[in-house]
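> mind looking at a prediction? Sequence and model below.
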Amino acid sequence: MTTNFTPADPGRRLRAADDPAEMIAEARLSLHETPVDCLLLAGTGGRGRPPVLTRSSLRELLGPRGPGNLRRHLTLLRERGGEAVHALIVVADGHQSVLPSLVHDVLTRAGAQLHDAVADLAPEGPALLTLRGAADGRRWAVVPCDYDSPPAAGPGGPRPSEDDGAEVSVAALRPDGPDLRVLPIGPLREFSATRAAAAAVLDGRAIPRPAPSDPLLGEIGRTLRLPPPDLASAADPGRLLAEAGAALATLRGDAAGAAEGARMTECERIAQLLAALAVDRLHWELLAQLVEHDGAPAIDRETLLQELVRDPTRRPHEDVCAGGRLYVLLEEMRCVAAAALDGAEPGARGTARPAWRALTALLVLLGWWNHRFASAGSLVDELREREPDSTLAPLLTRMTDTPVFPAWWPSS
């Protein structure tokens, strides 16, 4: 099961973790993307312990390996100080229209998996405080069938909404655990109406928004003249990345349209970066430079991953975290490389393909270093789909699915 462990600043607190809208908002702020089709778990510990918010794919949770992976996931949360958890099952993005039968099926199946996992781990595992759902624009309570009238709780409490009527779903009979029912408990507030969003604005934090597709990236990629990779190149990939970022900013900012010669110069800088990243040695050098970003100690290129696994002082700079300046630039360069691969002449594909593969691997490894295993896993899936014979994908899969953990811990 690929999972994201969300960093939490020492002063951060989860606001009303039993409220689906608030938990989704906190996940969006921390993950820098909207959580979709996932199980969110908010771990709570003793005084002075920062909260830990995790995300796991529903597709994998409901698959054949889901129960075992979920038990390992809960065990890890407990080892990291999570004495109890609030759980939220998000269907689609929580607001999209979904068939009622699908809502009930997913909530009861995923809820049953979670109840079983918590029961199997008791009393050593974390306790389950609340189990909620977010689907079809509504909040849901997923409760045992013997659950009586719910208390008058706060905005996340399991209180049926008058607007939702008496709709109830009962799970299939389960011999080894409680049968579950699903109760609609009111509308799901939009992100902008949550306390988490308001607090982020007051604190001056950036609000993550879905990145609109940028046709300029595809246009650049399709028109690039890519030189062949130079295996003996002594280029500095960090400098080339900075120059490519400046070139992209220039191309975006030139509303009036640059002269053809000036535009070609900027595109050449991007092409030089892709040609350098097509060389394995240079894209590995770029990863090392990203680890060393902003004055971090030098790292041995030969044992880079081993050091990230054993040295807890190696923490990613905000520029190389999701939503960070360099992370976003790598995503943009990957879009350019994909367009170049799709539209390049046969000779140029020998540069575009390894460049795209290198940028994908860089983002996978940065995602892994950020404890964003689900995001990294989705990139590995894309790599497998585009290159079924890839020898890199199995290694990356092992790191994200097992998973092998970086030494640093987000909430420490």
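Now that the structure is in, tell me what you want to look at. Bear in mind that the values here come from a model prediction, so they are computed numbers and not experimental data.
> and the pLDDT for L379?
L379 carries a pLDDT value of 90.
> surely it is in a helix?
Yes: the assignment for L379 by DSSP: H, G, I helix; E, B strand; the rest coil puts it in a helix.
> show me where the stretch 151-300 of the chain has strands.
In the stretch 151-300 of the chain, the strands defined using DSSP state E, counting those that start in this stretch lie at 169-170, 180-187.
> pLDDT of the shortest one, averaged?
Predicted confidence along strand 169-170 averages 48 (mean pLDDT).
> picking up where we left off before, out of the strands of the stretch 151-300 of the chain, which is closest to L121?
strand 180-187 (18.6 Å; CB to CB). C-beta coordinates here come from the backbone N, C-alpha and C atoms, glycine included.
> mean confidence for that closest one?
Mean predicted lDDT for strand 180-187 stands at 92.
> and it, which strands flank it?
strand 138-144 (antiparallel), strand 169-170 (antiparallel) (DSSP bridges).
> can I get the first one in CSV, CA atoms only?
The C-alpha coordinates for strand 138-144 follow below in CSV (Å, rounded to 0.1, in the frame of the first residue of the first chain):
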residue,chain,number,x,y,z
ARG,A,138,-22.1,15.0,1.9
ARG,A,139,-20.6,13.9,5.2
TRP,A,140,-21.3,10.3,6.3
ALA,A,141,-21.0,8.4,9.5
VAL,A,142,-19.9,4.7,9.2
VAL,A,143,-21.1,3.0,12.3
PRO,A,144,-22.0,-0.5,13.6
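> tell me the most buried of the strands of the stretch 151-300 of the chain?
Mean neighbours per residue, mean count of other CB atoms under 10 Å, is largest over these for strand 180-187, with a mean of 22.
> so which elements touch the top helix by length along the chain?
For the chain, the helix with the greatest residue count under DSSP state H is helix 346-369. Using 3 or more CB pairs under 8 Å, 6 or more residues apart in numbering; DSSP states H and E, the elements in contact with helix 346-369 are helix 260-277, helix 280-291, helix 325-343, helix 373-386, helix 392-401.
> how far out from the middle of the chain is that helix?
From the chain centre to the centre of helix 346-369 is a distance of 19 Å (CA atoms, centre = their mean, to the nearest Å).
> wait, doesn't A200 sit right on F191?
No: contact between A200 and F191 fails when scored by CB atoms under 8 Å: they sit 9.9 Å apart.
> quick one on the thing from earlier: in the longest helix of the chain, what's buried?
348-349, 351-369 (16 or more other CB atoms under 10 Å).
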